[in-house]
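Engineer: Kindly return the folded structure for what I paste below:
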Amino acid sequence: VRRVTPAGDIVWTAAVEETARGIHGTPALANETVYVGAYDGALYAFDLATGERFWRRSLGDAIGSSPGYHDGVVHIAVEYYEPSGAMFGVDAVTGEVVWDDRRPTDHPHSTAAIDPAAGRLVVGANDGHLYAWTYPDLSFAWSFETGDAIKGPVAIHDGSAFFGSWDRRVYRVDLADGRHEWAAETDGRVMSGPAVEAATDTVYVGSHDSRCYALDAASGAVRWTFDTGGRITGCPTVAGDHVLVGSYDRSCYALDKRTGDRVWAVDGVGDVTSTPVVVDGAVYFADRAAESFLDGGDGRAGGVYKIGAA
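Structural biologist: Okay, the predicted model is just below:
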């Protein structure tokens, strides 16, 4: 895990325990602490200022999901070899387990979403189900079945959960009872997590078919699509008048959020698999190391990039 300044200087580097597959998820920041899971099956807490490890809590055989924080508890999906899985709630200060449920199966990678107003916590799993618990008491509420794995993050808006499935669909499901509200078809698996903009009632999401979709949040109707030329696995980001999205065509795009027209693209980098982040008018994203590098060859390593005004 690295903390990097806006100028690109590394403030600190903190290591998890030895694991061949490293860290898959995105860290969560709360209480001046960095929370992240790793493929050694443990959840970690590091000091945001110094990178010092506060605690390590072993939860399972692997963690490929990202943690979510709310009200003093870190919630995260965990994998076991069988394959099976679980959801855990961990005290953010002490690292002690305060809740777990072994219902999700087949290696859950999805990042959970919490909606206190709707009283629900939801997460997807590779078994194709979206699981829901009441919140904050965390009693099991319902599950919703899709035709394939749910690997991406879940978004919540207007009392509903929005998420993609490897059955090539994007779903809207009622948080109260798990009722199917709509499903929008794509031409590829959907690993990307949706970005929902309340102001325009629009859902933006990517697909393995290389397209970024803008969907009507109420009906699921397609408003526009943009073909990037490579599959999209990261989540789009809405910033001002633009939708930012990375692609396996080695580009990060800015699209007009109302029309889907390309405004600009940064080319010539690696496969852009991360979610773009906007801070003080600059766009930050990460790309993926070349397969030859991952296999020990002489290919290029992954990087972190900053795009400024030009």
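Engineer: and the gap between Ala218 and Asp256?
Structural biologist: 21 Å (C-beta to C-beta, to the nearest Å). (Each C-beta comes from the backbone N, C-alpha and C, glycine too.)
Engineer: what's the residue lying closest to Leu138 once chain neighbours are set aside in contact with, if anything?
Structural biologist: The shortest distance from Leu138 to any non-neighbouring residue, by C-beta to C-beta, 6 or more residues apart in numbering, is to Trp99 (5.2 Å). Counting by C-beta atoms under 8 Å, 6 or more residues apart in numbering, Trp99 makes contact with Val73, Met87, Phe88, Gly89, Leu138.
Engineer: out of the residues you listed, who's nearest Asn126?
Structural biologist: Taking C-beta to C-beta as the measure, Asn126 sits nearest to Met87 out of the contacts of Trp99, at 13.7 Å.
Engineer: Surely that closest one is in contact with Val73?
Structural biologist: No - the pair formed by Met87 and Val73 falls short of the contact definition of C-beta atoms under 8 Å, at 11.5 Å.
Engineer: which of the two has more neighbours?
Structural biologist: Between Met87 and Val73, Met87 has the larger neighbour count (other C-beta atoms under 10 Å), namely 25 against 18.
Engineer: so how many other residues sit close to the closest residue to that one other than its chain neighbours?
Structural biologist: Using C-beta to C-beta, 6+ apart and skipping the chain neighbours, the partner closest in space to Met87 is Asp101 (5.1 Å). Neighbourhood size, Asp101 [other C-beta under 10 Å]: 17.
Engineer: Equivalent analysis for Tyr305, please.
Structural biologist: Counted with other C-beta under 10 Å, the neighbours of Tyr305 add up to 18.
Engineer: Would you mind checking the average pLDDT for the strand or helix carrying the residue nearest to Leu138?
Structural biologist: Counting by DSSP states H and E, the element that carries Trp99 is strand 97-101. What strand 97-101 shows for mean pLDDT is 97.
Engineer: Using PDB, write out every CA atom in that strand.
Structural biologist: Extracted as PDB, the C-alpha positions of strand 97-101 are listed here (Å, rounded to 0.1, in the frame of the first residue of the first chain):
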ATOM      1  CA  VAL A  97     -14.900  -9.100  14.700                       C
ATOM      2  CA  VAL A  98     -18.400  -7.800  15.700                       C
ATOM      3  CA  TRP A  99     -20.500  -9.700  13.100                       C
ATOM      4  CA  ASP A 100     -20.200 -12.300  10.500                       C
ATOM      5  CA  ASP A 101     -22.500 -14.300   8.200                       C
END
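Engineer: how far out from the middle of the chain is it?
Structural biologist: Put simply, strand 97-101 sits 22 Å off its chain's centre (C-alpha atoms, centre = their mean, to the nearest Å).
Engineer: Please name the bridge partners of Cys252.
Structural biologist: Beta bridges link Cys252 to Gly246, Val266 when assigned by DSSP bridges.
Engineer: Name all residues that make contact with the spatially most central residue of the chain.
Structural biologist: Centrality entry for the chain: nearest residue to the mean C-alpha point is Pro153, 4.2 Å, by C-alpha atoms, centre = their mean. When contacts are counted by C-beta under 8 Å, 6+ apart, Pro153 touches Ser66, Ser110, Thr111, Ala113, Phe163, Gly193, Cys235.
Engineer: ok, now with 6 Å
Structural biologist: Thr111, Gly193 (C-beta atoms under 6 Å, 6 or more residues apart in numbering).
Engineer: swap in Gly51?
Structural biologist: When contacts are taken as C-beta under 6 Å, 6+ apart, Gly51 is in contact with Trp12, Ala14.
Engineer: what helix or strand does it sit in?
Structural biologist: Applying DSSP H and E as the criterion places Gly51 outside every helix and strand.
Engineer: Could you list the low-pLDDT ranges of the chain?
Structural biologist: 268, 290-299, 310 (pLDDT under 70).
Engineer: The residue lying closest to Val245 once chain neighbours are set aside - how many residues pack around it?
Structural biologist: Ranked by C-beta to C-beta, 6+ apart and with sequence neighbours excluded, the top spatial neighbour of Val245 is Pro236, at 4.3 Å. By other C-beta under 10 Å, the residues close to Pro236 number 28.
Engineer: now the one 4 residues further on
Structural biologist: Burial of Gly240, expressed as a neighbour count using other C-beta under 10 Å, amounts to 10.
Engineer: Can you give me the distance of it to Val263?
Structural biologist: Going from Gly240 to Val263 by C-beta to C-beta gives 11 Å.
Engineer: got it, and Val34?
Structural biologist: Taking C-beta to C-beta, one finds Val34 at 33 Å from Val263.
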